[in-house]
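Asker: No letters, just coordinates:
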């Protein structure tokens, strides 16, 4: 803009060119500072907007996960009620029977039902723990056909079956399903996810919207990082990308 202004004004009168050059030199720094300030304001404004949008998306996702867990809890409570009722019915049969052989068989049946009931109760406790705490899975996934070889998503879910969340991500927004490289269960999945993101921060694809949890990193680097944070975590380095490879061969 400055160069164009100088050309337009000085072409008509070369005698004023030195004065114009001196004047422009004085305001040039101020002009650049104003542009930089406006740009930085735009970046901060856009970052705040992206963070708010991401927060809304996160809240919606957490609400969906809570709803899914509530439905699962109701289902398990129905199963729990059935087993308790059956145990009670068998106990009444034992109390009203003098047949020792029959009662022994009924007692054995009660033991089997109690073992199943204990398993159901454990599942119920897990659901309640997920609803009220930070427990969940941190997952590492890739999509070779959609994002290339060195792009990975590192995120978390409170779902009882984390694969449900991975399938959701691969349903409609991308042309191919995701490959899972690791599911890491943690009592503090939020903290684990935060630590991984902190270590990978300089490798973010999107440095404005921090809820876009994609990172430019090699599979070997990522495996090493996961093992450092959780040595017990299983990590698969193979990128199957089955549908993508099949599509390429056709």
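Answerer: Noted; the coordinates are in hand. In this text, all values refer to a predicted model and were calculated from it rather than measured experimentally.
Asker: where in the protein is pLDDT low?
Answerer: Low-confidence segments of the chain, defined by pLDDT under 70, are located at 8-13, 129-133, 172.
Asker: Just give me the residue right at the centre of the chain.
Answerer: residue 155 (2.8 Å; Cα atoms, centre = their mean).
Asker: Assumed that one was part of a helix.
Answerer: No - looking at residue 155 with DSSP: H, G, I helix; E, B strand; the rest coil, it is strand, so not inside a helix.
Asker: Contact partners for it?
Answerer: For residue 155, the residues meeting the contact criterion (Cβ atoms under 8 Å, 6 or more residues apart in numbering) are 138, 139, 141, 193, 213. (Each C-beta comes from the backbone N, C-alpha and C, glycine too.)
Asker: Swap in 6 Å and give it another go.
Answerer: The neighbourhood of residue 155, defined by Cβ atoms under 6 Å, 6 or more residues apart in numbering, consists of residue 213.
Asker: And it, how far from residue 43?
Answerer: If you measure residue 155 against residue 43 using Cβ to Cβ, to the nearest Å, the figure is 25 Å.
Asker: Near the closest residue to residue 218 other than its chain neighbours, how many other residues are there?
Answerer: Using Cβ to Cβ, 6 or more residues apart in numbering and skipping the chain neighbours, the partner closest in space to residue 218 is residue 150 (5.5 Å). Residues lying near residue 150 (other Cβ atoms under 10 Å) number 15.
Asker: List phi and psi for residue 150.
Answerer: phi -110, psi 30 (degrees, to the nearest 10).
Asker: what does the one 10 residues further on give?
Answerer: Taking degrees, to the nearest 10, you get phi -60, psi -40 for the backbone angles of residue 160.
Asker: Next SSE downstream of the host helix or strand of residue 78?
Answerer: Assigning secondary structure by DSSP states H and E places residue 78 in helix 17-95. Moving toward the C-terminus from helix 17-95, the first helix or strand encountered (DSSP H and E) is helix 100-132.
Asker: Any idea how far that following helix is from the middle of the chain?
Answerer: Its chain's C-alpha centre and that of helix 100-132 lie 34 Å apart, by Cα atoms, centre = their mean, to the nearest Å.
Asker: Which strands and helices lie in contact with it?
Answerer: Identification of packing neighbours for helix 100-132 by 3 or more Cβ pairs under 6 Å, 6 or more residues apart in numbering; DSSP states H and E yields helix 17-95.
Asker: and the helix it packs on, how far from the chain's centre?
Answerer: When C-alpha coordinates are averaged (Cα atoms, centre = their mean), helix 17-95 and its chain have centres 10 Å apart.
Asker: Check which helices and strands it sits against.
Answerer: Contact analysis of helix 17-95 by 3+ Cβ pairs under 6 Å, 6+ apart lists helix 2-11, helix 100-132 as its packing neighbours.
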